[in-house]
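Undergrad: task: produce atomic coordinates for the following.
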Amino acid sequence: MLEEIRQQPDALERTLASQLRRIERFKQRVAKQRPRLIVLAARGTSDNAAQFGRYLLEVTTGIPVSLAAPAIYTLYNARVDFRDALVVAISQSGESTDTNLVLERAREQGALTIGITNEPSSTLAGLAEHVFLVRAGHERSVAATKTYTGQVLLLYLLAYALGGRIRVDDLKRLPERAQMALALEPDIAEVSERYRFMDHAVVVGRGLNYSNAFEFALKMMETCYVVAERFSSADFLHGPIAMVEPDFPVFIFAPSGATWSSIQETLDKLQQLKAETVVITDSSNAEAATQGTRLIRLPRKLPELYTPIPYIIPAQMFAACLADEKGLNPDKPRTITKVTLTM
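TA: From the prediction side, this is the model:
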């Protein structure tokens, strides 16, 4: 897992270089007929990437986005009107049975379809009208890391193709920013030692980093067997904060920008409750540095729009290091496998 986390700058660079021409062709295609709706279908880590895509696409393009509920098709056999819709299936392996069925049904009913996967010969790649490939190389650890950030990168490119306020030059900086995040590994390993006996935690994010809260919590659940709940800062204050007591561990994504006031309010209340907070931020947010019990801070100023990839990498490293502290193997978590088939 740690080795694959370290491969992310190269994987991001390969993905961008190999897929940019395909994205430009797709951009010309959708310029002729812009979709009225986007539906994203995924499971597991890929579903967390889809959650990011929902925020990114609506914020930057103004097109409404829905997250598919596969059971509507697999269990209830419902027919959904996909006219003028773009349906995007996201899967690391391309073999997620229910995700593929959503895509198949959507294409039958006239939707424009996209597949995002790390496997060019997968079932998903054969079903989709347009395929965008994560060039992460083979991922051996059950805990997905480099495929998650690759999917996030492709969702930025999709937003760009749909006319979103995304600059390719800014995307080209992401591999360097991922490398910057990797430089924090010794500090993160040291922080993880304190949480060796942690068995429950909360992860908080909002907006573009809401999906990272889900992904960080998932990584702690599947590799460290920590019961990790995840919330937006708004939802957290609407009830779940009642479970917090002194020394309760809360991990918070805290970029500067639109979400900071909400995150700051949450940190203020957690400070009053004497919770143990670990804040992931960057040097553009000086206030965040004064409010957390512990700080994981990237050393450069980052625009909020481009924080999700460099912010999730320290979280991935924390989960891998914590698993090691607990004497667990994050590459082979108990009871789960790399590809999970559900209907």
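
Undergrad: any idea whether the residue nearest the centre of the chain is helix, strand or coil?
TA: By C-alpha atoms, centre = their mean, the chain has its centre lying nearest to Ala49, at 3.9 Å. At Ala49 the chain is in helix, as set by DSSP: H, G, I helix; E, B strand; the rest coil.

Undergrad: give the contact list for the residue nearest to Met243 when sequence neighbours are not counted.
TA: The shortest distance from Met243 to any non-neighbouring residue, by C-beta to C-beta, 6 or more residues apart in numbering, is to Val202 (7.8 Å). C-betas here are computed from N, CA, C, even on glycine. Going by C-beta atoms under 8 Å, 6 or more residues apart in numbering, Val202 touches Ala228, Glu229, Arg230, Phe231, Phe236, Pro240, Met243, Val244, Phe248, Pro249, Val250, Phe251.

Undergrad: put the buried members of those residues into a ChimeraX selection.
TA: The ChimeraX command for the buried members of those (criterion: 16 or more other C-beta atoms under 10 Å) is given here:
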select :228,229,230,231,236,244,248,249,250,251
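
Undergrad: ok, the contacts of Val202 vs Thr117, which is closest?
TA: Checking the contacts of Val202 against Thr117 with C-beta to C-beta, the nearest one is Arg230 at 24.8 Å.

Undergrad: mind listing the strands the host helix or strand of that closest one pairs with, and their directions?
TA: Under the criterion of DSSP states H and E, Arg230 resides in strand 227-232. As defined by DSSP bridges, the strand partners of strand 227-232 come to strand 200-205 (parallel).

Undergrad: quick one: whichever helix or strand comes after the partner strand to chain centroid distance?
TA: Next in sequence after strand 200-205, counting helices and strands by DSSP H and E, comes helix 210-224. Computed by C-alpha atoms, centre = their mean, to the nearest Å, the chain-centroid distance of helix 210-224 equals 9 Å.

Undergrad: what is the orientation angle of helix 210-224 with strand 227-232?
TA: 180 degrees (axes from the mean of the first three to the mean of the last three C-alpha atoms, to 10 degrees).

Undergrad: may I have the host helix or strand of Asp235 exported as PDB, CA atoms only?
TA: Following DSSP H and E, one finds Asp235 within helix 233-237. Taking C-alpha atoms only, helix 233-237 is exported to PDB below (Å, rounded to 0.1, in the frame of the first residue of the first chain):
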ATOM      1  CA  SER A 233     -19.000  19.700   8.900                       C
ATOM      2  CA  ALA A 234     -22.700  20.900   8.600                       C
ATOM      3  CA  ASP A 235     -24.100  17.400   9.200                       C
ATOM      4  CA  PHE A 236     -21.700  16.800  12.000                       C
ATOM      5  CA  LEU A 237     -23.000  19.800  13.900                       C
END
